[in-house]
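> Task: produce atomic coordinates for the following.
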Amino acid sequence: MAQWDQLKMLDCKYLEQVDQLYDDSFPMDIRQYLSKWIESIDWDTVAYQDSLATVRFHDLLTQLDDQHGRFALNNNFLLQHNIRKIKRNLQDRFQEDPVHMAMVISRNLKEEKKILENAKNTKGAVSAMVVEKQKLDNKVKDMKDRVQVNAHGITNDAHEDVPGPEDQTPGERPADGTRGSVNPVGGLTVCLCAGGQEAVGQLNDLLTATQALLADLISEELPEWRQRQQIACIGGPPNACVDQLQSWFTSAAESLQQVRQHLKKLQELEQKFTYDDDPIAQKKAYLEARALDLLKDLLSNSLVVERQPCMPTHPQRPLVLKTGVQFTVNFLVKLQEFNYQLKVKALFDKYDAFRKFNILGTNTKIMNMEESNGSLAAEFRHLQLKEQKVAGNRTNEGPLIVTEELHSLSFESELQLNQSGLNIKLEAISLPVVVISNVCQLPSGWASILWYNMLTTEPKNLKFFLKPPLAKWSQLSEVLSWQFSAVTQRGLNQEQLSMLADKLLGAKAKRNPEGQIPWIKFCKSANEKAFPFWLWIEGILDLIKRHLLSLWNDGSITGFLSKEREKALLSDKCPGTFLLRFSESSRDGAITFTWVEHDVHDKPLFHSVEPYTKKELSAVSLADIIRTYKVMAVENIPENPLRFLFPDIPKDKAFGKYYPKPSETPEPMDVENGPKEYGYMKTELISVSEVHPSRLQDKMMPMSPDDFKELSQYVSPRDIDAVVRIRF
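Have a look, this model is predicted:
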């Protein structure tokens, strides 16, 4: 199957990645109409040979003419118009530089292959998981069917015309007065013995199958769900829905309850008629005990924390709590027949911890059926934490800083089974939480939550940070990307992660996925002048959320890029090509842009503007800064050096939709006496960089914008500088 046909079959999230590869410079229409022809060409080779690139460029135009003819046969005027427009745009853009077109196609084909590979790998993992879930579904269904078959058989036995003692003749009654017993070799006894053995055998087999099912649920599915919940808590895929698990647990519990009812019916049969070596009498107690043990095992593992503790003001940062701030937790028991029978109590730090806290508010709740989904739940909304004081009004001090101290919330309940009189203790424990006293500690507290849930699944290891383990780059890179995709529509790509890998591991490590990163490198500063890696990332995340969300989502921001890599990307680009990257010297998050110019010897020169912080971006948007930015030197006309967003997108095309709309009519200076047509003179905030004249190249916009626009119609931007040198 052609690569393009495979791509069209992918899920929406992958199609969105494909969409990002194409724009007006090389539209997706061409890829669609000429897919077979495009994939038949070795574009890597074409991109290295000017003459071959020219041939392929004209071949492509011919292919478009053929496509136009096919549309003409179908009288499709709109598509004919679109094809003509696409052809004109291609000629304007690539006529003088067909190699560039070949490079674009080659790059897009490679990126498409990466998207396909990622989709296949993910699909393979998902398919395997789906198969396993289907197997478990089949096991549950098989168990329920066997219970029904068993129930039908026992019901038939109970309705058979079996004579009781009052129906026996005097000759049949035992002389010693004992309860009805017949000659075991009698036909009726043989029949009942065979039926009893079959019923007991079926129940025993059913309990064996149920035991295997419970092992799958309790030892595999429940831990897997908890691990998925951990991942979802730190920004990973939100696939921790509890509905499927609840369905399995409920079905298993209902089946075990039915088995116990079947055993009760067998007991009634035993009381109605018995004989020596009765299999029901011999096995009933064993089967009852086994069924009860399985039910107890299921119930004691069926209390879970469905929604982990969080502050209502920061739902995207669960497990970081502030003293004196209310938080919400939610429980879910996977059985539905105990409505209003379970009282759940919340305890803080039942297990050893560092600082001591009291829970203020109602810490007990009755579990009841939720109308929305039928879950048996208890939701705590109004709990507060108050730190315990020691003598002298001082708080407890431990060996760790506040944001590395881990605490836990435990939840206890007790369930009494009717008839058996058995009390079952239920307990659930939250993932470890960090308790902060000020919101400014939230970033550091969140770093602890990330590190813990990335590296361990043990909920009671509250001394984790006394000796925190190392993290592999393969683990940390994924978690870092989640931090961006959790609050935006875009995670980190490989280019961005490569820069972060070099920053944490060093360039010599060559971004080794197995490279190890210590906790101190991630969250603590090496000296007073430096600041922690994580706080730098946190500052950038906040900057994006507040001021750059749209630009980040549409891919305009390159973001994480070393200065060396920045120069490598820009060195062979048209003068005025620029990219946006985050500053490495600002702890609170800042963004800068760098553009390239060429001197008279065609040597690339790079210029970077002082980074813009949240303060500047609160006054003027980054898109507007780029629109109005000027470079000014004494006796020179201020000029905007920014022309193309990397790699080659015209500035106004990339940012035009974010430019401010024209304001309404200005307010008159004097409403009563002044002329209506006169008002305040409009002002505009612009960014200007003052430089020494020697830093400006003679050819940096050496003509008026009108001249430049006119020349651009005949010469590609890449060759304008060469033409200018000839003219001047």
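> Check which residues of stretch 459-474 are buried.
The neighbour-count check on stretch 459-474 (16 or more other Cβ atoms under 10 Å) flags 459, 462, 464, 465, 468, 471, 472, 473 as buried. Bear in mind the C-beta positions are built from the backbone N, C-alpha and C, glycine included.
> The fourth one and residue 473, how far apart?
Residue 465 sits at a distance of 21 Å from residue 473 (criterion: Cβ to Cβ, to the nearest Å).
> coming back round to it: next, give me the two most distant ones among the buried residues of stretch 459-474.
With distances taken as Cβ to Cβ, the most widely separated pair in the buried residues of stretch 459-474 is 462 and 473, at 26.8 Å.
> Using the three-state scheme, assign the closest residue to residue 645 other than its chain neighbours.
Among residues not flanking residue 645 along the chain, residue 654 sits closest, at 4.1 Å (Cβ to Cβ, 6 or more residues apart in numbering). Secondary structure assignment for residue 654 (DSSP: H, G, I helix; E, B strand; the rest coil): helix.
> do residue 298 as well
helix.
> low-scoring stretches of the stretch 501-650 of the chain, by residue?
Where the stretch 501-650 of the chain drops to pLDDT under 70, the residues are 526-528, 633-636.
> Now do the helices in it.
When secondary structure is read from DSSP state H, counting those that start in this stretch, the stretch 501-650 of the chain shows helices at 519-523, 533-543, 549-553, 563-570, 614-619, 622-628.
> Next: the stretch 301-450 of the chain.
Under DSSP H, counting those that start in this stretch, the stretch 301-450 of the chain gives helices at 442-455.
> Which parts of it are strands?
303-310, 320-322, 327-333, 343-348, 357-360, 364-366, 368-369, 376-387, 389-390, 394-395, 409-416, 423-429, 434-436 (DSSP state E, counting those that start in this stretch).
> ok, and the closest non-adjacent residue to residue 460?
residue 351 (5.7 Å).
> for the one you found, what are its contacts?
If you count contacts by Cβ atoms under 8 Å, 6 or more residues apart in numbering, residue 351 has them with 408, 410, 460, 462.
> Apply 10 Å and report the result again.
Taking Cβ atoms under 10 Å, 6 or more residues apart in numbering, we find residue 351 in contact with 407, 408, 410, 429, 459, 460, 461, 462.
> So it versus residue 400, what's the distance?
16 Å.
> same deal with residue 474?
With distances taken as Cβ to Cβ, residue 474 is found 27 Å from residue 400.
> swap in residue 465?
Residue 465 sits 6 Å away from residue 400, going by Cβ to Cβ.
> Now do the shared contacts for those two.
In terms of Cβ under 10 Å, 6+ apart, residue 465 and residue 400 are both contacted by the residues 406, 448.
> Show me what residue 604 is bridged to.
residue 598 (DSSP bridges).
> What is the burial count for it?
14 (other Cβ atoms under 10 Å).
> quick one: contacts for it?
567, 570, 571, 572, 573, 575, 596, 597, 598.
> Please tell me the pLDDT value assigned to the residue nearest to residue 460.
According to the prediction, residue 351 has pLDDT 72.
> ok, now residue 684?
Looking at residue 684, its pLDDT reads 68.
> ditto for residue 257
Residue 257 is given a pLDDT of 85.
> part of a strand, is it?
No - if the criterion is three-state DSSP, then residue 257 is helix and not within a strand.
> Can you report how many residues lie near it?
Counted by other Cβ under 10 Å, the residues lying close to residue 257 total 16.
> Just give me the neighbour total for the closest residue to it other than its chain neighbours.
Sequence neighbours aside, residue 295 is the residue nearest to residue 257 in space, at 7.3 Å (criterion: Cβ to Cβ, 6+ apart). By the measure other Cβ under 10 Å, the count of residues near residue 295 is 24.
> Please look at residue 295 and residue 424 and confirm they touch.
Yes - using Cβ atoms under 10 Å, residue 295 is in contact with residue 424, at 8.6 Å.
> Now do the shared contacts for those two.
residue 417.
> rewinding a little: tell me what angle the host helix or strand of the residue nearest to residue 257 forms with strand 409-416.
Assessed by DSSP states H and E, residue 295 sits inside helix 279-300. If you take axes from the mean of the first three to the mean of the last three Cα atoms, to 10 degrees, helix 279-300 sits at 150 degrees to strand 409-416.
> Stretch 433-453 - what's its average pLDDT?
So the average pLDDT for stretch 433-453 ends up being 93.
> what's the answer for stretch 86-104, then?
Mean pLDDT, stretch 86-104: 88.
> What residues sit buried inside it?
For stretch 86-104, the neighbour count (16+ other Cβ under 10 Å) marks 86-87, 90, 93-94, 97-104 as buried.
> got it, and stretch 494-503?
496, 497, 498, 499, 500, 501, 502.
> okay if I get the contacts of residue 604 as TSV plus distance to residue 645 and neighbour count?
Converted to TSV, the contacts of residue 604 look like this (distance: Cβ to Cβ, whole Å; neighbours: other Cβ atoms under 10 Å):
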residue	distance to residue 645	neighbour count
567	17	14
570	11	20
571	17	14
572	16	10
573	11	21
575	14	22
596	12	24
597	16	21
598	18	18
